[in-house]
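Visitor: I would like the atomic coordinates for the input below:
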Amino acid sequence: MGKHKYLPLMLFSFVCAIASASKTGIYTIEGRTEITNDQIILIGSASWVGFKFNGNSCSLSLQAIDTWDHYNFIVFELDGKYLRRQRIESIAANYIVTATAGIHTLKIFKATEAANGNVAFSSATAEKLLPMDLVTSKKIEFIGDSITCGMGNDLEIPCNTGQWFDQHNAYFSYGPVTARGLQARMLLSSVSGYGIYRNWNDEHTEQPVLPDVYDNLYLNLDASKKYNSTFNPDIVTICLGTNDLSEGDKIKPRLPFDAAKFTKAYIAFIHTVYKQSPQTRIVLMNSPMVSGDRNTLLVKCLKEVAAAFANDTQHKPISIFEFKPMQPNGCGFHPDIADDKIMADQLHPYLKKLLDEK
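Guide: Residues are numbered from 1 along each chain as shown. Below is the predicted model:
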């Protein structure tokens, strides 16, 4: 009787000791993350922590953390299959994942983006915890804006209700869907509303742009925590320009799009990316949310950017991929999950060819 009474407590203490150490060999973490205060902090879109457990259930201690009190969202993936999107509260709590008896692989993905605060993972409790295996060495980084974040794609909660991030599901953004299809590891560096030289409703006067924050771990202006990547992606895709070309809210004054500024800032940003990932191959992408004359202009600018590196012998060739235009069905004129799958289906063969050439 005494043995059964104290076994759960002993197991919990043991697992917590594993979770609170930075080099336990149990947990795999990827994406923009940080280990601090005995917690694994999920920062960027689709950043994740994973492990194996033996048994028919696993309890996870998770908490939404930000400068103000609000919930957040994560996604549970069990044995390589989407389980559910889970709301995480600002008070630390235990969340249960159930399964059939046996050994399972569990991943916890951040569904929202860095701007929505962080999700802290403190511990896992199960019959037994085991390290998971990374089955591939292929790696892709996806740089972008709200489309890459998966903003507005999950319609489980109706549009224009609750918080603006209620429909975020980075797990089903085109980038992660493409990466899973290619059996590649992934990293997302994306911020909703941001552009190359200006943002959706800002002329780079009140807000930073993506190149301003890329080198910072939390994708904000806090330079005290730099993003020193060891990811070393084989490919970096950049999907920016939607917000530079946008008309904003049509209330705040908006200057005409400046192609020269855009191109100059884009070239400078590529040099920034090369500092993080000098061996990568960069793919510039247009946006399915930009069509007609604006898309023609965007692609023209991308070609000028790529041409600026035509004689670069230190890096791999820069190429351009063009999504087909679409009428998105998500919230706020964003792709929904089905639209993201269409984008991934277009991108998959292109990136596969590049990876196969490696």
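Visitor: can you give me the strands for the stretch 151-300 of the chain?
Guide: 185-190, 235-239, 281-285 (DSSP state E, counting those that start in this stretch).
Visitor: could you list every residue that touches Val213?
Guide: 191, 194, 219-221 (CB atoms under 8 Å, 6 or more residues apart in numbering). In short, each C-beta sits where N, CA and C put it, glycine included.
Visitor: so what's Ser146 up against?
Guide: With CB under 8 Å, 6+ apart, Ser146 has these contacts: 152, 190, 192-193, 242, 332, 334.
Visitor: Which one of those sits in the busiest neighbourhood?
Guide: With neighbours defined as other CB atoms under 10 Å, the most crowded of the contacts of Ser146 is Ser190; it has 29 neighbours.
Visitor: hang on, the earlier thing: any of the contacts of Val213 buried? List them.
Guide: 191, 194, 219 (16 or more other CB atoms under 10 Å).
Visitor: With adjacent residues omitted, what lies nearest to the second one?
Guide: Think Tyr194. Leu210 (4.3 Å; CB to CB, 6 or more residues apart in numbering).
Visitor: before we move on, what about the last one?
Guide: Nearest non-adjacent residue to Leu219, counting by CB to CB, 6+ apart: Ala114, 4.1 Å away.
Visitor: Between all of the contacts of Ser146, which two are separated the most?
Guide: Ser190 and Gly332 (15.5 Å; CB to CB).
Visitor: from the contacts of Ser146, which is closest to Pro131?
Guide: Looking across these and measuring by CB to CB, the closest to Pro131 is Ser190, at 28.6 Å.
Visitor: Past the lowest-mean-pLDDT helix or strand in the chain, which element shows up next along the chain?
Guide: None of the helices or strands of the chain scores lower by mean pLDDT, DSSP states H and E than helix 2-19, at a mean of 35. The C-terminal neighbour of helix 2-19 among helices and strands, as given by DSSP states H and E, is strand 28-30.
Visitor: which residues are contacting the longest helix seen in the chain?
Guide: Secondary structure of the chain per DSSP state H: the longest helix is helix 337-357. Helix 337-357 is touched from outside by 138, 140, 150, 153-155, 169, 172-175, 177-178, 181-182, 184, 234-235, 237, 281, 283, 285, 288, 319, 321, 323-324, 326, 328-330, 335, with contacts defined as CB under 8 Å, 6+ apart.
Visitor: Is Asn160 in contact with Gln167, as I believe?
Guide: No - with contacts counted by CB atoms under 8 Å, Asn160 stays clear of Gln167, the gap being 9.5 Å.
Visitor: Identify the contacts common to those two.
Guide: Common neighbours of Asn160 and Gln167 (CB under 8 Å, 6+ apart) are Cys331.
Visitor: Look at those two and report which has more neighbours.
Guide: Neighbours per residue, other CB under 10 Å: of Asn160 and Gln167, the larger number sits with Gln167, 28 against 10.
Visitor: Listing request: residues of the stretch 251-358 of the chain with sub-threshold pLDDT.
Guide: The model of the stretch 251-358 of the chain has pLDDT under 70 over residues 358.
Visitor: which residues of it fall in helices?
Guide: For the stretch 251-358 of the chain, applying DSSP state H, counting those that start in this stretch gives helices covering 259-276, 292-307, 337-357.
Visitor: TSV for the ones you listed, including mean neighbour count and distance to Ser90?
Guide: Below are the helices of the stretch 251-358 of the chain laid out as TSV (neighbours: other CB atoms under 10 Å; distance: least, CB to CB, whole Å):
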stretch	mean neighbour count	distance to Ser90
helix 259-276	17	32
helix 292-307	16	40
helix 337-357	17	27
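Visitor: now those as TSV including distance to Ile26?
Guide: Below are the helices of the stretch 251-358 of the chain laid out as TSV (distance: least, CB to CB, whole Å):
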stretch	distance to Ile26
helix 259-276	28
helix 292-307	43
helix 337-357	30
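Visitor: out of these, which comes closest to Val97?
Guide: Of the helices of the stretch 251-358 of the chain, nearest to Val97 by CB to CB is helix 337-357, at 21.6 Å.
Visitor: tell me the angle that closest one makes with strand 281-285.
Guide: Here the directions of helix 337-357 and strand 281-285 differ by 150 degrees (axes from the mean of the first three to the mean of the last three CA atoms, to 10 degrees).
Visitor: quick one: contacts for the closest residue to Phe333 other than its chain neighbours?
Guide: In this structure, Phe333 finds its nearest non-sequential neighbour in Met289, 6.6 Å apart by CB to CB, 6+ apart. Going by CB under 8 Å, 6+ apart, Met289 touches 147, 242, 326, 328, 333-335.
Visitor: And for Asn94?
Guide: Applying CB under 8 Å, 6+ apart, the residues near Asn94 are 59-62, 125.
Visitor: Test my guess that Gln276 contacts Ser229.
Guide: Yes - Gln276 lies in contact with Ser229 (CB under 8 Å); the separation is 4.9 Å.
Visitor: Let me know how buried the closest residue to Met285 other than its chain neighbours is, in neighbour terms.
Guide: Computed as CB to CB, 6+ apart, the closest residue to Met285 that is not its neighbour in sequence is Cys239, at 4.4 Å. Per other CB under 10 Å, the neighbour tally for Cys239 reads 25.
Visitor: surely Cys239 meets Thr148?
Guide: Yes - using CB under 8 Å, Cys239 is in contact with Thr148, at 5.7 Å.
Visitor: Identify the contacts common to the two.
Guide: In contact with both Cys239 and Thr148: Phe142, using CB under 8 Å, 6+ apart.
Visitor: and which of the contacts of Val213 is nearest to Lys110?
Guide: Leu219 (12.3 Å).
Visitor: This completes my enquiry, with thanks.
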